[in-house]
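Chemist: predicted model and sequence follow; I will ask about them next.
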Amino acid sequence: MTRTDPHDVPRPDARLHFGVFFQGVNHWTIWSDPSSGSQIDPASFLRVARAAERGLFDAFFLGDGLRLRESEGGVHELDVAGRPDSITQLSALAAATERIGLVSTSNTTFNEPGDLARRLAGLDLLSGGRAGWNVVTTHNAWTGENFRRGGFLDHADRYRRAEEFLSVARAVWNGWAQGAVADSAEARSWSVPGAVGRVRVEGAHFDVDLAPTLPRSAQGHPVIFQAGDSGEGRDFAARNADVVFSAHGTDFDDALAFAEDVRRRLRAAGRAEDALRILPGTEIVIGATEKEAEEKARWVRLHQVTPAVALGIASRLWGFDLSGRDADGPLPAEDPVVAAYEGRFGTRWVDDPRAVVAEWRAKADANGWSLRETVIELGPQRGHVGTPAGLAEKFARFVRHGALDGFNVSPYLVPDGLDDIVELLVPELQERGVYRTAYTGTTLREHLGLAPVA
Amino acid sequence: MPRPALHLAVEIDGDGAHPAAWRRAAHAPGELLSPRRLARTAAAAENAGFTLVTLEDSILPPGSADGTGPVGRIGAVERAAFAAASTSVLGIAPVLATTYAEPFHVSSQIASLDHVSAGRAGWVVGTEEDPAAARAWGRPVVGGADAIAREARDGLRVVRDLWDSWEDDAVIRSVATSRYLDRSRLHYVDFEGETYSVKGPSIVPRPPQGRPVVLAPAGLVPAELTDVALVGGPTPAGAGAAASAAGAPLAFAEVEVALDAPRETARERIADLERYAPWEGRPDRLRYTGPAAGLVELLADLAGRVDGVRLRPLVLDEDLAVLSRLVLPELFVRRLAARPLPGTTLRTSLGLPRPLSRFTTAGAAAPAPEETR
């Protein structure tokens, strides 16, 4: 095996950062295997968080969805569903972990900034400066049906509201001067006069007047994560975020193109190129040999893409119900039906169903694939497969060339799906000098190597 | 043996019930907002043998009328979840108001607290009455007692329905049919109130207790929607009468307590704090000032009149220690009260049955009468 010369690359000293995403929506989390544990028991969350902490991960990350996904006229039954409120779960984990960052996905459309900023600041204080906020937006009226405000926001306004939301949140987090609390019980008052400010905002989306109730944390305030992949989302990240998630972490050239695009947007936003960490989501399948890894990956795919799941994915691509078809038979003969998308199944996976179906047909015909085989080969893809040494070599190249700063790993099994990564891959990365051998800071901001908050 | 009659709860918000309590706290003022101090207070309440702690909250600063008190507070749900992970048998009930908050979020937060605590969650139904809260939320003012009560009632209905929206056995993991869930055991709640509607189902599976324990001030919301009414009265007889009138399964009396400490009497401690701010009495709360033995007698008297008490100590760091050393042990010795049993839910500790989802479909098994987990 040839190793990259660490000095012949743009970033010879770069280190890889890992986060863990508990738990995936969609079909990525395998629930049918006997080793699959509870998706809601606090012990499962603690098991994963502690494994990640043992592996010196930067962050433990929880997703969020404010309405259960639907398919074929009712709640979608095939995938893992049901999860805790993220800030509540993470506040519990703050008491049971020491170092790992705790990142909550929280929505700017169906929350209000005075309330959410306070909750996040509380998590940040309780964890000693380990909180992060993955900022997500929603606009659809379907999700709004769970909220007293309903579907009040236009699609075009979702990032505008998010940006204004974030500026109110930052004002709340910066509302107390350093040393705002008296250092003695004999002082005239609990707070130092003039040290606790007020936040008054009259913007397009918010009319707020409040007195912030919390000081800054050990890291200043929560680290901002962002995941939107549209041009608008990338610009939002370039202007506002400390970390960007992406779906561009499998193919090297694709990852590098994304990273360069993000750096271009950072420069345009007047920020330094190293002000933003790029952590694509990924799945990592590890085997002792390449052959074993491939066999394991095949097992993973077959358990993720069951015949019913394959038909479900095909139904959403074709735009009508295919649940009665034979997944092991040929692709449906019909053309796809393209209709307006209501958001019942999260972010739309393809923009042009007709083109995708045409490509599927061509490749299925050429290879003799069934519908299920086609979904496995060409459907939503993710992840890296290999030996610990092979993956470490590959990841070292990614990070040293600036194609990414690390990965947000989705374990395909909960709660012990991280163990291979922690026990087998991390030591190989450490040996190559691209992974920390101990936590050097206490806060999430320090783990990520971000500049302190001004 | 039947469980003893009197359930013991204690409010652990801030530094104590007195607006100047922070001046007698055993820590530096700013330490109030630290995880260490929260964990220590929760552990003190658990070790003392309390069944339940409650956590006051508002989006507005706690403060005192003259502006000299603490103006910092971590959100009650976040504190509750952190405290849950720092304890093992203690019930934990944060205050949440649905005056402005989204009931969908409140439902998820309390359900999640019940999951992280393995069935030890409660919810104290609160209200945001100050119009300043509307400005802090950035929402139109809910003005007047009727509108505030309406939002509390509708919020509670939505939250309960969302807790019920997953039947206990909704996760089937049917490998043969490739289904993780059985959608027929998930229910749209389709709540239609006067001012809003909520579709459902919840995004959180049904809580371990089915429905976490709901506590509410007597009269705020319909009693049949609650488990515990918080009642008051200037005398034990008054509290007893209020408990009988409350109509909820259980009624807890609100009792402010200031106890003689090793070096200073309760009166001396109050006088010390009165130099800074008055401790206004309230007609809907009992107040006890004096030696521990007298509080034991008061609680023994109350045991025949109410189902439990919520104590509001003058200064947590001082009074919790006296409660722990002299008051609760005596109640346990006299079998007037009991420590929560390891592995029990808050419902079980309070002798409340575990409710079936109101949406339960035919064929679901009846719950075990005395559930432990």
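Modeler: That came in fine, so what should we check first? Numbering: from 1, shown residues only, chains lettered A, B, ... in the order given.

Chemist: A:Leu116 touches A:Thr109, doesn't it?
Modeler: No - using Cβ atoms under 8 Å, A:Leu116 makes no contact with A:Thr109, being 11.2 Å away. Using the backbone N, CA and C atoms, a C-beta is placed for each residue, glycine as well.

Chemist: list the contacts for A:Trp28?
Modeler: Counting by Cβ atoms under 8 Å, 6 or more residues apart in numbering or on different chains, A:Trp28 makes contact with A:Glu283, A:Gln304, A:Arg382, A:Ser410, A:Tyr412.

Chemist: can you point out the buried residues in stretch B:206-216?
Modeler: Within stretch B:206-216, the residues scored as buried using 16 or more other Cβ atoms under 10 Å in any protein chain shown are B:Arg206, B:Pro207, B:Pro208, B:Gln209, B:Gly210, B:Arg211, B:Pro212, B:Val213, B:Val214, B:Leu215, B:Ala216.

Chemist: just stretch B:288-307 next, same as before
Modeler: For stretch B:288-307, by 16+ other Cβ under 10 Å, it's B:288-292, B:295-296, B:298-299, B:302-303, B:305-307.

Chemist: does B:Val125 lie in a helix or a strand, and which?
Modeler: strand B:122-126 (DSSP states H and E).

Chemist: can you tell me if the helix or strand that that strand is followed by touches chain A.
Modeler: Using DSSP H and E, the helix or strand that follows strand B:122-126 in sequence is helix B:131-137. Yes - using Cβ under 8 Å from any Cβ of the partner chain, we find that helix B:131-137 touches chain A at B:Ala132, B:Arg135, B:Ala136, B:Trp137.

Chemist: hang on, the earlier thing: of the buried residues of stretch B:288-307, which belong to strands?
Modeler: Using DSSP state E, B:Tyr288, B:Thr289, B:Gly290 are the members of these that sit in strands.

Chemist: between these, which sits nearest chain A?
Modeler: Closest approach to chain A among those (Cβ to the nearest Cβ): B:Thr289, at 21.8 Å.

Chemist: that closest one and A:Ser230: what is the separation?
Modeler: 64 Å (Cβ to Cβ, to the nearest Å).

Chemist: point out where the chain drops to low pLDDT.
Modeler: No chain specified, so I'll use chain A. In the predicted model of chain A, residues A:1-7, A:24-25, A:346-349 satisfy pLDDT under 70.

Chemist: to clarify, I was referring to chain B.
Modeler: Ranges of chain B meeting pLDDT under 70: B:1-4, B:64-65, B:363-373.

Chemist: could you pull out the strands for it?
Modeler: Using DSSP E, strands in chain B cover B:7-11, B:52-55, B:91-97, B:122-126, B:171-174, B:179-181, B:191-192, B:197-198, B:213-217, B:228-231, B:250-259, B:286-290, B:308-313.

Chemist: now do chain A
Modeler: Using DSSP E, strands in chain A cover A:17-22, A:59-62, A:70-71, A:74-75, A:101-107, A:131-136, A:199-202, A:207-210, A:223-226, A:243-246, A:277-282, A:284-286, A:384-386, A:406-409.

Chemist: show me what the most centrally placed residue in chain B bridges to in the sheet.
Modeler: By Cα atoms, centre = their mean, chain B has its centre lying nearest to B:Ala93, at 3.3 Å. According to DSSP bridges, the residues that bridge with B:Ala93 are B:Thr54.
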